[in-house]
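Q: sharing a model that was predicted from the sequence below.
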Amino acid sequence: MGSSIVLRFTIFILIFSTLIFSKNIGVVDFRLGELYLKNDSLSNWIDTIDEGDSIFLNDTLKTGSESKCEVLLVDKSLIRMGEKTIYTFKTYKNENNSVKCEGELLDGVVWSKVDTESGKRDFKIASPVAVAAVVGTIYKVEYGKNKKGVISVLEGRVNINPWVKRDKKSRSLKPKEIDGPKEVSLKDWVSIVKGEILIVDGWGNYEKKKIDISDLENEWKSFNKK
């Protein structure tokens, strides 16, 4: 009994200290199934997080099998996590009508809807093989299967760059359009738009294709239905 009380008190102190020193960046507004949380103050996953709970900078969320969740950020942008997904909220700055948000997808599937109506947005999601920079859009990032990243665009535009170390002189910061489908080496930023998908591996090789937009629309619309 005594050890149980001490353990609960310790967890409470860790969570309380996180609330004090971390920045509230959003809230869990939908949850289905298993959802776990870990951060700098919590070395082990906890499963007490639920709808209505706040999300803080550097929080990592993990969903279980047949589980998913949605996080509403303070600027009204959305992060949706599919099953067996691990995602970390790495950077979030919201000031002077400008938002900078960076997240890290370690495994699984993440949907994002970026609200650009209320100001400038710098929104990026990184996976182990590539980083996706958003230009006002609804899009999906996947990683894990065959160690490849898959980026799909439902609305707007996404610029993509690989996590492959190259000579700085050979890399351009300006996105460029490419024809598809074909597999080439992703040395520079590449831009994909509505109805397109890009598959990239850990060596920077990628393939760009057209997809059936109705499949993405149905997946997006049905996401937060229990």
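A: Everything's here; your move.

Q: for residue 68, phi and psi?
A: phi -160, psi 160 (degrees, to the nearest 10).

Q: partners of it in the sheet?
A: In this structure, residue 68 bridges to residue 32 when assessed by DSSP bridges.

Q: surely it and residue 223 touch.
A: Yes: taking CB atoms under 8 Å as the definition, residue 68 is a contact partner of residue 223 at 6.9 Å. To be clear about C-beta, it is placed using only N, CA and C from the backbone, and glycine gets the same treatment.

Q: what sits in contact with each of these two?
A: Common neighbours of residue 68 and residue 223, counting by CB atoms under 8 Å, 6 or more residues apart in numbering, are residue 80.

Q: please say which of those two ends up with more neighbours.
A: In this view residue 68 and residue 223 are compared by other CB atoms under 10 Å, and residue 68 has more residues nearby, 23 against 17.

Q: report the separation between that one and residue 48.
A: 18 Å (CB to CB, to the nearest Å).

Q: tell me which residues in the longest strand seen in the chain are buried?
A: In the chain, with assignment by DSSP state E, the single longest strand is strand 98-113. Within strand 98-113, the residues scored as buried using 16 or more other CB atoms under 10 Å are 99, 101, 102, 103, 104, 105, 108, 109, 110, 111, 112, 113.

Q: okay, now the sheet partners of that strand, with direction.
A: In its sheet, and by DSSP bridges, strand 98-113 pairs with strand 78-81 (antiparallel), strand 86-95 (antiparallel), strand 120-126 (parallel), strand 130-143 (antiparallel).

Q: tell me the mean pLDDT over the shortest one?
A: In this case it means strand 78-81. Here strand 78-81 scores 97 as its mean pLDDT.

Q: quick one: that strand to chain centroid distance?
A: Centre-to-centre, strand 78-81 and its host chain are 7 Å apart (CA atoms, centre = their mean, to the nearest Å).

Q: what's it in contact with?
A: By CB under 8 Å, 6+ apart, strand 78-81 touches 26, 61, 63, 68-73, 87, 103, 108-113, 223-224.

Q: where does pLDDT dip in the protein?
A: Where the chain drops to pLDDT under 70, the residues are 1-22, 117-119, 163-187.

Q: please tell me how far residue 73 sits from residue 89.
A: 9 Å.

Q: which neighbours do these two share?
A: By CB under 8 Å, 6+ apart, residue 73 and residue 89 have these common neighbours: 25, 26, 101.

Q: and these as JSON lines, adding distance to residue 53?
A: Supplementary listing: these in JSON lines, determined by distance: CB to CB, whole Å:
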{"residue": "25", "distance to residue 53": "12"}
{"residue": "26", "distance to residue 53": "10"}
{"residue": "101", "distance to residue 53": "19"}
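
Q: end to end on stretch 32-41, go ahead and measure it.
A: Stretch 32-41 stretches 25 Å from its first residue to its last (CA to CA, to the nearest Å).

Q: what's the answer for stretch 52-69, then?
A: End-to-end distance (CA to CA), stretch 52-69: 12 Å.

Q: that one: which residues count as buried?
A: 54-63, 67-69.
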